[in-house]
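1. Structure for this input, please:
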Amino acid sequence: MSRIWQASAPVTLYHDGKCPLCQREVAWLSRHPRRERVNSVDIRDEKFSPEALGLTFKTMMGRLHVQDARGEWYVGMDASRALYAVLGYRRLVRISLLPGLRPGMDMSYRFFARHRERIGRWLPAPRPDSSDTL
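-> Modelled structure (predicted):
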């Protein structure tokens, strides 16, 4: 696998369109100054076919998936890292890869991924003009 912080833009972010936290993130990305570096695909859209990518819906629902311009796949916390790398946050990505931080961040992501819908329901609904981010 290539270095995560060297993910090539544009990336395609495959997200759960019914997840409240995912909806917030996609809304934030749509307003980001470098938004042209990210394409988003709702994996719950009836026109989307995970099989065309060689994946299953269950697999894609379990963890975040990002594919970069070279066709490199990033999954789970590495998908978040690749996404933020192409948005220009490479230093933060490198910090998240430090031996003392990476395992904890990866474990936290797995917990978050399993409970994202429940966690999302705890948050107040964003206002239409809100600039909230995750």
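2. Which other helices and strands does the worst-scoring helix or strand of the chain on mean pLDDT contact?
-> None of the helices or strands of the chain scores lower by mean pLDDT, DSSP states H and E than helix 102-122, at a mean of 81. Here helix 102-122 touches helix 20-31, helix 77-86, going by 3 or more Cβ pairs under 8 Å, 6 or more residues apart in numbering; DSSP states H and E. Where you see a C-beta, it was placed from the backbone N, CA and C, and this is true even at glycine.
3. Next, the angle from that helix to helix 20-31.
-> 100 degrees (axes from the mean of the first three to the mean of the last three Cα atoms, to 10 degrees).
4. Could you pull out the buried residues of helix 102-122?
-> 105, 109, 113, 116, 120 (16 or more other Cβ atoms under 10 Å).
5. what's the answer for stretch 21-30, then?
-> For stretch 21-30, by 16+ other Cβ under 10 Å, it's 21-26, 28-29.
6. In CSV, list these along with distance to L97 and pLDDT.
-> Formatted as CSV, the buried residues of stretch 21-30 follow (distance: Cβ to Cβ, whole Å; pLDDT from 0 to 100):
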residue, distance to L97, pLDDT
L21, 23, 81
C22, 23, 86
Q23, 28, 87
R24, 25, 87
E25, 21, 89
V26, 25, 93
W28, 23, 92
L29, 22, 94
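7. from those residues, which single one is nearest R44?
-> Looking at the buried residues of stretch 21-30 and their distance to R44, the nearest is C22, at 9.9 Å (Cβ to Cβ).
8. Surely that closest one touches L13?
-> No: C22 lies out of contact with L13 (Cβ atoms under 8 Å); the separation is 9.2 Å.
9. returning to that earlier point: what's the least confident helix or strand of the chain in contact with?
-> Applying Cβ atoms under 8 Å, 6 or more residues apart in numbering, the contact partners of helix 102-122 are 16, 18-24, 62-64, 76-77, 80, 96.
10. where are the low-confidence patches of the protein?
-> For the chain, applying pLDDT under 70 flags the ranges 1-2, 119-134.
11. any idea how far the residue nearest the centre of it is from S40?
-> Central residue of the chain (Cα atoms, centre = their mean): S80, 4.6 Å from the mean position. S80 sits 14 Å away from S40, going by Cβ to Cβ, to the nearest Å.
12. Fine, thanks again, bye for now.
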